[in-house]
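Asker: One predicted model, sequence on top.
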Amino acid sequence: QVQLVESGGGLVQAGGSLRLSCAASGRTFSLYAMAWFRQAPGKEREFVAAISWRRSSTDYADSVKGRFTISRDNANNTVSLQMTSLKPEDTARYYCAADTNSYTRRPGMYAYWGQGTQVTVSS
């Protein structure tokens with residue numbers, strides 16, 4: 001069992017930056033693939049970024065590639081999402097997810113989820 005708690009969301013102007021963090025507790029964090037998803041009102045949850053448990057590989061949605069960076073600190077059981085050049089269309093609730101399998105873009109494949117943190121980008 002893994003518990004995930006996101007933080008770092010807020011209101012930012014377009015072009016600004018935010019750093020989201022996800023703190024994990026429970027079973028050995030380092031063995032889990034981690035990912036960030038987001039969901040805007042009236043829309044389906046969508047993949048944002050993922051990182052393997054070894055930190056050797058990452059994956060990004062085309063919409064955020066070059067602007068967002070996912071990283072993890074296995075010693076401190078955290079995963080972060082550095083977001084730059086934010087756009088109004090990035091506005092959503094951002095969720096951290098974890099699973100012992102290899103990372104994937106499919107939200108249904110992640111066993112553990114946080115409660116999310118709201119990101120609002122004003123134009």
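Answerer: Noted; the coordinates are in hand.

Asker: residues in contact with the residue nearest to the spatial centre of the chain?
Answerer: In the chain, the centroid-proximal residue (C-alpha atoms, centre = their mean) is W36; its distance is 2.3 Å. W36 makes contact with 20, 22, 48-50, 70, 79, 81, 94-97 under the criterion C-beta atoms under 8 Å, 6 or more residues apart in numbering. C-beta: built from backbone N, CA, C; applies to glycine.

Asker: at 7 Å instead, please
Answerer: Residues near W36 by C-beta atoms under 7 Å, 6 or more residues apart in numbering: 48-49, 70, 81, 94-96.

Asker: Pull the distance from the helix or strand harbouring Q82 to the chain's centre.
Answerer: According to DSSP states H and E, Q82 maps onto strand 78-83. Between the mean C-alpha point of strand 78-83 and the mean C-alpha point of its chain there is a distance of 7 Å (C-alpha atoms, centre = their mean, to the nearest Å).

Asker: Pairing partners for that strand, with directions?
Answerer: Strand pairing for strand 78-83, determined by DSSP bridges: strand 18-26 (antiparallel), strand 68-73 (antiparallel).

Asker: Throw those into a markdown table and include mean pLDDT, mean neighbour count and distance to P41, thanks.
Answerer: Formatted as a markdown table, the strands paired with strand 78-83 follow (pLDDT from 0 to 100; neighbours: other C-beta atoms under 10 Å; distance: least, C-beta to C-beta, whole Å):
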| stretch | mean pLDDT | mean neighbour count | distance to P41 |
| --- | --- | --- | --- |
| strand 18-26 | 94 | 18 | 19 |
| strand 68-73 | 95 | 18 | 21 |
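
Asker: Could you dump these into TSV with distance to N101 added?
Answerer: TSV is the format used below for the strands paired with strand 78-83 (distance: least, C-beta to C-beta, whole Å):
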stretch	distance to N101
strand 18-26	16
strand 68-73	16
